[in-house]
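Peer 1: coords please:
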Amino acid sequence: MCALIGPKLYLRNRSNKETKDTFRQLIPKNDHVKNKDRQDPTSVLTLSSTGLTSELKSVGYVCHTIIPELDKYSADNQVGMFPSSISVAIPSYGWIAFLSYDVKTSLSTLYKARLHSPVDNSTAIGKKLKARDILSADGIIFLTSDGGPIKAIPFTNWAINILSKPKMKKDDYIHLANQFQLSSSGTVAQIKERLDLYSSSLRSKYRQNAVEPDEIHFWDSERQPSFETMVCADGELIYAARKDVQEIVSFRVQKDGVGLRGVNMQEIVKYGHSWQKIFSMCLCKGNIFLSHCEGISKVSLQTAECNTVVQLNDEPCMLTRFGSEILFSNQKRASVWKT
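Peer 2: Next comes the predicted model:
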């Protein structure tokens, strides 16, 4: 008898000598995942080799059991601990962020976790969120829901509240003073005092205007826009679907030291009522791909020309770029496709 356990194949005592000798040649003794946090593919390639699979077909009976051979179960890595993970982002090397959806409350929790085998050091950094999708840029997690402001949650320390960063050098203080158009002359204590006064005044302005520092706020707009989805071009440029006016827009994000400001908003294209809702957006080769109730459309960033790529009738899809192609998951058909 042969037993496949984790990334290894073991021969039980019930195997005959000939079978044991054959499989010892096909599978090295040390064939396992050498670098657990990077998932070395060597073991997978070995276990899927033509020689091994052909021999397995001839042994008659194979007991296939998958267990985390090199890991111990704990309260943090049990199967089903996060039963409804609905969106994942990779904000920094070796770390992931993901949303876990609660079907009872229809709200989500945002987790930060170390990319290991299994994923560990999971910490909730956002709770009771209406978001269904997350994106990351410049150490910040952006979240949209079915209308409302764009939420921003720092993934790395002081990614948003940059004035609170401790143990900065004089060059850092000078850089911040210049960034916020303050005098950068004098000693470190004098520059820091100006920055503290600026921060205190700005926080007071946020409170007076009932502005939440975890939302992108458009200070130049009388009425705050409402968004249903977005995509990050980089840490400053965002493309988004405005639900309140049914437009695809672009705008830039600026850090003011306390929160995030949305500036220079420009319309790219309007979308009709027939689309009803924009489910997902993706950038690829100078185009924006949009998933909506009539399918998937492509909008040129240069000409604003809009073309239908895939026709679907009320089948929500989530889009992502994969090299030069677009992958999309069809929720109703429970399948993944590419354009």
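Peer 1: how close does Gly259 get to Asp220?
Peer 2: The gap separating Gly259 from Asp220 is 15 Å, by C-beta to C-beta, to the nearest Å. To be clear about C-beta, it is placed using only N, CA and C from the backbone, and glycine gets the same treatment.
Peer 1: swap in Ser324?
Peer 2: From Ser324 to Asp220 the distance is 37 Å (C-beta to C-beta).
Peer 1: ok, now Val231?
Peer 2: 23 Å.
Peer 1: ok, the two, which is more surrounded?
Peer 2: Higher neighbour count among Val231 and Asp220: Val231, with 24 against 10, using other C-beta atoms under 10 Å.
Peer 1: mind listing the helices for the stretch 1-150 of the chain?
Peer 2: 17-26, 42-47, 50-58 (DSSP state H, counting those that start in this stretch).
Peer 1: Generate a markdown table for those helices, with distance to Ser136 as supplementary columns.
Peer 2: Listed next are the helices of the stretch 1-150 of the chain as a markdown table, based on distance: least, C-beta to C-beta, whole Å:
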| stretch | distance to Ser136 |
| --- | --- |
| helix 17-26 | 42 |
| helix 42-47 | 28 |
| helix 50-58 | 39 |
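Peer 1: would JSON lines of those with distance to Ala113, mean pLDDT and mean neighbour count be doable?
Peer 2: Shown next, in JSON lines, are the helices of the stretch 1-150 of the chain (distance: least, C-beta to C-beta, whole Å; pLDDT from 0 to 100; neighbours: other C-beta atoms under 10 Å):
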{"stretch": "helix 17-26", "distance to Ala113": "36", "mean pLDDT": "78", "mean neighbour count": "13"}
{"stretch": "helix 42-47", "distance to Ala113": "23", "mean pLDDT": "72", "mean neighbour count": "15"}
{"stretch": "helix 50-58", "distance to Ala113": "33", "mean pLDDT": "81", "mean neighbour count": "12"}
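Peer 1: Minimum distance to Asp171: which of these has it?
Peer 2: Minimum separation from Asp171 across these (C-beta to C-beta) falls at helix 42-47, 45.6 Å.
Peer 1: What residues sit buried inside stretch 274-289?
Peer 2: Buried residues in stretch 274-289, counting neighbours by 16 or more other C-beta atoms under 10 Å, are found at Trp275, Lys277, Ile278, Phe279, Ser280, Met281, Cys282, Leu283, Cys284, Asn287, Ile288, Phe289.
Peer 1: hang on, isn't the third one packed against Arg242?
Peer 2: Meaning Ile278. No. Taking contacts as C-beta atoms under 8 Å, Ile278 lies outside contact range of Arg242: 9.4 Å.
Peer 1: Name the residues contacting each of these two.
Peer 2: Ile248 (C-beta atoms under 8 Å, 6 or more residues apart in numbering).
Peer 1: If you count contacts, what does the longest helix along the chain end up packed against?
Peer 2: The longest helix of the chain (DSSP state H) is helix 188-208. Secondary-structure packing of helix 188-208 (3 or more C-beta pairs under 8 Å, 6 or more residues apart in numbering; DSSP states H and E): helix 170-179.
Peer 1: neighbouring contacts of the helix it packs on?
Peer 2: Ile162, Leu163, Lys165, Met168, Ser183, Ser184, Val188, Ile191, Lys192, Arg194, Leu195, Gly257.
Peer 1: Give the helix, strand or coil label for the last one.
Peer 2: On the three-state scheme (DSSP: H, G, I helix; E, B strand; the rest coil), Gly257 is labelled coil.
Peer 1: Give me the distance between it and Leu135.
Peer 2: Counting by C-beta to C-beta - Gly257 and Leu135 are separated by 23 Å.
Peer 1: what's the answer for Lys170, then?
Peer 2: Taking C-beta to C-beta, one finds Lys170 at 35 Å from Leu135.
Peer 1: Those two - which one has more neighbours?
Peer 2: Taking other C-beta under 10 Å, Lys170 and Leu135 do not tie; Leu135 has more neighbours (20 against 12).
Peer 1: Report the contact partners of the more buried one.
Peer 2: Ala89, Ile141, Phe142, Leu143, Met230, Val231, Cys232.
Peer 1: host element of Gln302?
Peer 2: When elements are assigned from DSSP states H and E, Gln302 belongs to no helix and no strand.
Peer 1: meant to ask about Ile288, not that
Peer 2: With DSSP H and E as the test, Ile288 turns up in strand 287-292.
Peer 1: could you give me the average pLDDT of that strand?
Peer 2: The average pLDDT for strand 287-292 rounds to 93.
Peer 1: Use 44 as the first number for this chain going forward.
Peer 2: Renumbered: residue one is now 44, and that last one reads strand 330-335.
Peer 1: following it, which helix or strand comes up?
Peer 2: Using DSSP H and E, the helix or strand that follows strand 330-335 in sequence is strand 338-343.
Peer 1: OK, contacts around His335?
Peer 2: By C-beta under 8 Å, 6+ apart, His335 lies in contact with Tyr314, Trp318, Gln319, Lys320, Ile321, Phe322.
Peer 1: For the fifth one, grab phi and psi.
Peer 2: Right, the one you point to is Ile321. phi -90, psi 120 (degrees, to the nearest 10).
Peer 1: Chain neighbours aside, what residue packs nearest to it?
Peer 2: Computed as C-beta to C-beta, 6 or more residues apart in numbering, the closest residue to Ile321 that is not its neighbour in sequence is Ala284, at 3.8 Å.
Peer 1: Cool, thanks, signing off.
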